[in-house]
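Chemist: From the sequence below, what's the structure:
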Amino acid sequence: MKAVTQINGKAIPFGAKNIDTDIIIPAKWLKTISRAGLGKGAFESIRAQAGNIFDDPRYAGAPILIAGDNFGCGSSREHAAWAIADLGIEAIIAPSYSDIFSGNAFKNGLLAIELPQAAIDRLMDVAQQASDDAAPIQIDLENQTVTTVFQDRFHFEIDPFRKECLLAGRDEIALTLESEAAITAHEAKLTAQQPWIVPA
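Modeler: The predicted structure follows:
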């Protein structure tokens, strides 16, 4: 997993509330087991509308998504986090998230920041008025801040364990491999003490 320290750039001023995982990635895209290419199906029903925010050239390549309250509600599909990441989004800023989506985002290196609605409204304004070549919003995970080129500064809270993992780029597999020697020693001991449990 890629380490997350700072994320700077344009932001997509989406802002819609109660966006469920079926809107993020429709069920027909769930047949794949690969993460690659899921960005094509991300927000498909919204992107089918002319002039939608996701295909607006002003926000091309934006690494930040500004969303509304209760983002990621609905099913537990991990594909939602995969699809957003495949779009090139590295961080989402919203007032609240579904617990399952928040967990899936973290496990896939996607930073989900919670800020009050007043801060979201201000960031929406900043994203909409920023020039094409600017990096109007800066996220600093180490200091837990979101700042703008207009001198706005917002502090966010994050679980210390999640913060440590994101900063180091360690997912669950990497965390498990850190205990590889202890796991190997335990398995060897168990094999010696109870050889009948070892497959032939």
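Chemist: List the contacts of the residue most central in space within the chain.
Modeler: Taking C-alpha atoms, centre = their mean, the centroid of the chain lies closest to Leu110, which sits 2.4 Å from it. By C-beta atoms under 8 Å, 6 or more residues apart in numbering, the contact set of Leu110 is 81, 84-85, 89-92. For every residue, glycine as well, the C-beta is placed using N, CA and C.
Chemist: Apply the buried test to the residues you listed and list what passes.
Modeler: 81, 84-85, 89-92 (16 or more other C-beta atoms under 10 Å).
Chemist: can you list the residues you listed in TSV and add pLDDT, secondary structure and distance to Ala67?
Modeler: Below are the buried ones among the contacts of Leu110 laid out as TSV (pLDDT from 0 to 100; DSSP: H, G, I helix; E, B strand; the rest coil; distance: C-beta to C-beta, whole Å):
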residue	pLDDT	secondary structure	distance to Ala67
Ala81	96	helix	13
Ile84	97	helix	10
Ala85	96	helix	15
Ile89	97	coil	10
Glu90	98	coil	14
Ala91	98	strand	11
Ile92	98	strand	6
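Chemist: could those residues be laid out in JSON lines, adding distance to Ala50?
Modeler: Output for the buried ones among the contacts of Leu110, formatted as JSON lines (distance: C-beta to C-beta, whole Å):
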{"residue": "Ala81", "distance to Ala50": "28"}
{"residue": "Ile84", "distance to Ala50": "22"}
{"residue": "Ala85", "distance to Ala50": "26"}
{"residue": "Ile89", "distance to Ala50": "22"}
{"residue": "Glu90", "distance to Ala50": "27"}
{"residue": "Ala91", "distance to Ala50": "28"}
{"residue": "Ile92", "distance to Ala50": "25"}
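Chemist: That concludes my questions; thank you for your assistance.
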